[in-house]
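Asks: sequence and predicted model, in that order:
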Amino acid sequence: MDSDILNRNETPGAGGAETRPFAADVAQILKLMVHSVYSDRDVFLRELLSNAADACEKLRHLSLIDDTLAVGAEPFGIVIEVDGDNGTLAVIDNGIGMSREELTENLGTIARSGTRAFVEALSKKEDGSALIGQFGVGFYAAFMVAKEVVVTSRRAGAAEAWTWRSDGAGTFTVEPAGDDAPARGTRVTVVLADDARDYADAFRVEEVVRTHAAHIPVPIAIRTAGSAESRTLVDGTALWTRSRSSVTPEEYAEFFKTLAGETTDPALTVHYRAEGRQDYSVLAFVPGRTPFDLFNPDRKGRMKLYVRRVFITDEAALLPGWLRFVRGVVDSEDLPLNLSREMLQSNPLIDAIRKGLTGRILTELEKLAENDAASFLKIWDAFGAVIKEGLYEEPDRRDAIFKIARFRTTRGEGWRTLAEILADKKENQTALYYVLGESEAAVATSPHLEGYRARGIEVMLLTDPVDAFWVQTALGYEGKPFRSVTQGSADLDQIPLTAPQEGGEEAKAGDVAALVALVKQSLGDKVSDVRTSARLATSPVCLVAPEFGPDRQLEKLLSRSGEKMPGLAPVLELNPRHAVVKALAAKAAAGGAAAEIETSARLLFGQARILDGEVPDDPAAFSEALSALLERSVGA
Ligand SMILES: Nc1ncnc2c1ncn2[C@@H]1O[C@H](COP(=O)(O)OP(=O)(O)OP(=O)(O)O)[C@@H](O)[C@H]1O
């Protein structure tokens, strides 16, 4: 809420009309709505209907726990009133309604993080209209089709009613409502823009409701202005209470779209009823694409909790954070209606539902992976990076997540399972190897992989930020530990080569020992050790983390996020088959080339850093040494 706006007192005394500016981010959204070329303007009606339904559900819930809020015998419902002569469409509900302050606050500022994220996304992208479809932009969507929007509302139990009005051009007014205000609830009247007058046609509206709002759990009727008769369009039965066999895929898809404000079909639908120690129904969906705010730290789970068909909250932790992309409904038969905030946070019944639901979603994902690999891979592509958070957040689920996890590897044959990688392990291979990095292209060329390639060992290419964390905590898979190719000694000697090693014979052991000693002396505390390695095939050198040090990629990731790890200098590994290393080793053994070896050591160290995607530790000295070398080689 923008307190500056709310505190500015422009009220000309009780009873008068008051004009206020929209908060800056609302104005930005409105501008986009008014000028939008968004093709599917129909969604504005879905947004208004879903707000009206929310208002009914809120009051239904409150009236059950608060005796002072008598709701009378009139059933909850929504009426759409079309007026072709005046070019208006109104959505009328008998729900909770809004007070004067609520009108100002709810329809003048943006409180929801989702909408806020929309504004942030907007400011980053040129073409905002492409984004609208991805967001439930709510009430403001009405301005896609409106010349003016008039909201008249009476809060349940209140004597006075208020009218909010705006043409979407920067300000809105609030004034006392006239005699035609609803007895309870809200009427949103959209004065249609000239190019949107077809929304005042009952058949057109009916078609929109059937496509976009057929499963709103509150009855919806339509009538023409001036006529007392209305026709029911939606009966308001909750889809999740029906049996699975009676619901068509189209009905599921429509329900999902209404619920999630999505335009694409769900990738997976999970519908079941749990019976036993607790009875509850679940209708959950995995969306067909990645939502814009998946990695927004504010993003919470989006499961709605109902108790015996009464909507309670969408803030109950019905799923763990790593399944936060799942949308849907849980309807419990056992929870009390008056769940307080504290009870939501620690309630054994909710914990049990979360456990059951999490297990079920994982099982359904596993089944999908078996029966329809292509659909499953789409889900993994979109949400794998989030699901992997579960590997360290919920160690008990690790085995189940490992079953569905898919990885890119050096085999380059698309996604691979851990079981497949394990089945293809090489003779004497004691670990499952991985390389961490920012992109597949970047890690695939890492010199650290050379020795593994030469032995045909499959290495997992882990490029999601979360990978650096779970590999630290996961103990292994089927008894094989996970091991970084840039960490510790390579222990590759026991694994036979599949390709002939480049460079032929290794340098003599004695020669190499002399070289290692001199390089170590030259580099001082820049390295914690220097040694030869089986890790390399074509490159002369590489840097690796010391035996018990953190993976170098993880170290980089943390230092970028401002967290410093206790700095352990890396280990420089030399390839004893490389021509340069062999020549230097021979010189080191013969003695008398200390200065040349020192320069070479600095160059090799700089080169190793470059191969790691870094700059040489002393770029000026590196460049000078390189120039000197080039001068000699070109005979300058
Ligand atoms: N018909 C209504 N009755 C009562 N309150 C309403 C009604 N329509 C809107 N509101 C209030 O205005 C707020 C803003 O509505 P808006 O549709 O912009 O966002 P939202 O519904 O909270 O979020 P989203 O549409 O993104 O899910 C709502 O949260 C609600 O408090």
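Replies: In hand now; what should we look at?

Asks: so where do the helices sit in the stretch 301-450 of the chain?
Replies: With DSSP state H, counting those that start in this stretch, the ranges of helices along the stretch 301-450 of the chain come out as 341-345, 348-371, 373-387, 389-393, 398-404, 418-423, 440-444, 450-454.

Asks: next: the stretch 501-636 of the chain.
Replies: Using DSSP H, counting those that start in this stretch, helices in the stretch 501-636 of the chain cover 509-523, 552-560, 579-590, 594-611, 619-634.

Asks: buried stuff in the first one?
Replies: Taking 16 or more other Cβ atoms under 10 Å as the neighbour-count basis, helix 509-523 is seen to contain the buried residues 511-512, 514-516, 518-520, 522-523. Any C-beta I mention is one placed from the backbone N, CA and C, and that applies to glycine too.

Asks: circling back to that earlier point, can you say which of the helices of the stretch 501-636 of the chain is nearest to R273?
Replies: Across those, R273 has its closest neighbour in helix 552-560 (43.6 Å, Cβ to Cβ).

Asks: if we can go back for a sec, can you list the helices of the stretch 501-636 of the chain in a markdown table and add mean pLDDT?
Replies: Output for the helices of the stretch 501-636 of the chain, formatted as a markdown table (pLDDT from 0 to 100):
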| stretch | mean pLDDT |
| --- | --- |
| helix 509-523 | 91 |
| helix 552-560 | 71 |
| helix 579-590 | 92 |
| helix 594-611 | 90 |
| helix 619-634 | 89 |
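
Asks: what's in contact with stretch 50-64?
Replies: 69-71, 76-78, 91-97, 136, 138-139, 156, 185-186, 188, 213, 216-218, 258, 310-312, 337-338 (Cβ atoms under 8 Å, 6 or more residues apart in numbering).

Asks: what's the spacing between it and its chain's center?
Replies: On the basis of Cα atoms, centre = their mean, to the nearest Å, stretch 50-64 sits 29 Å off its chain's mean C-alpha point.

Asks: for that stretch, give the mean pLDDT please.
Replies: Mean pLDDT, stretch 50-64: 90.

Asks: buried ones in that stretch, by neighbour count?
Replies: Those would be 50-63, for stretch 50-64 by 16+ other Cβ under 10 Å.

Asks: and the ligand, which of the residues you listed reach it?
Replies: Counting by Cβ under 6 Å from any ligand atom, 51-52, 55 from the buried residues of stretch 50-64 sit close to the ligand.

Asks: report how many residues lie close to the residue in the chain that the ligand sits nearest to.
Replies: The chain approaches the ligand most closely through G138 (2.4 Å), counting by Cβ to the nearest ligand atom. When neighbours are defined as other Cβ atoms under 10 Å, G138 has 21 of them.

Asks: tell me the pLDDT of it.
Replies: With respect to pLDDT, G138 scores 77.

Asks: how about it: what's its closest non-neighbour residue?
Replies: E47 (5.4 Å; Cβ to Cβ, 6 or more residues apart in numbering).

Asks: what helix or strand is the one you found located in?
Replies: helix 43-65 (DSSP states H and E).

Asks: could I have the CA atoms of that helix written out in CSV?
Replies: Provided in CSV are the C-alpha atoms of helix 43-65 (Å, rounded to 0.1, in the frame of the first residue of the first chain):
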residue,chain,number,x,y,z
VAL,A,43,-10.1,-12.6,-19.8
PHE,A,44,-11.3,-9.3,-18.2
LEU,A,45,-14.6,-11.0,-17.5
ARG,A,46,-13.0,-14.0,-15.9
GLU,A,47,-11.0,-11.6,-13.6
LEU,A,48,-14.2,-9.8,-12.5
LEU,A,49,-16.1,-13.0,-12.0
SER,A,50,-13.3,-14.6,-10.0
ASN,A,51,-13.1,-11.5,-7.7
ALA,A,52,-16.9,-11.7,-7.3
ALA,A,53,-16.7,-15.3,-6.4
ASP,A,54,-13.8,-14.7,-4.0
ALA,A,55,-16.0,-12.0,-2.3
CYS,A,56,-18.9,-14.5,-1.9
GLU,A,57,-16.6,-17.2,-0.6
LYS,A,58,-15.0,-14.8,1.9
LEU,A,59,-18.4,-13.8,3.3
ARG,A,60,-19.6,-17.4,3.4
HIS,A,61,-16.6,-18.3,5.5
LEU,A,62,-16.8,-15.3,7.8
SER,A,63,-20.5,-15.8,8.4
LEU,A,64,-19.8,-19.3,9.6
ILE,A,65,-17.4,-18.2,12.2
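
Asks: and the helix or strand that that helix is followed by, how far out from the chain's middle?
Replies: Following helix 43-65 in sequence order, the next helix or strand is strand 78-83 (DSSP H and E). Relative to its parent chain, strand 78-83 has a centroid offset of 37 Å by Cα atoms, centre = their mean.
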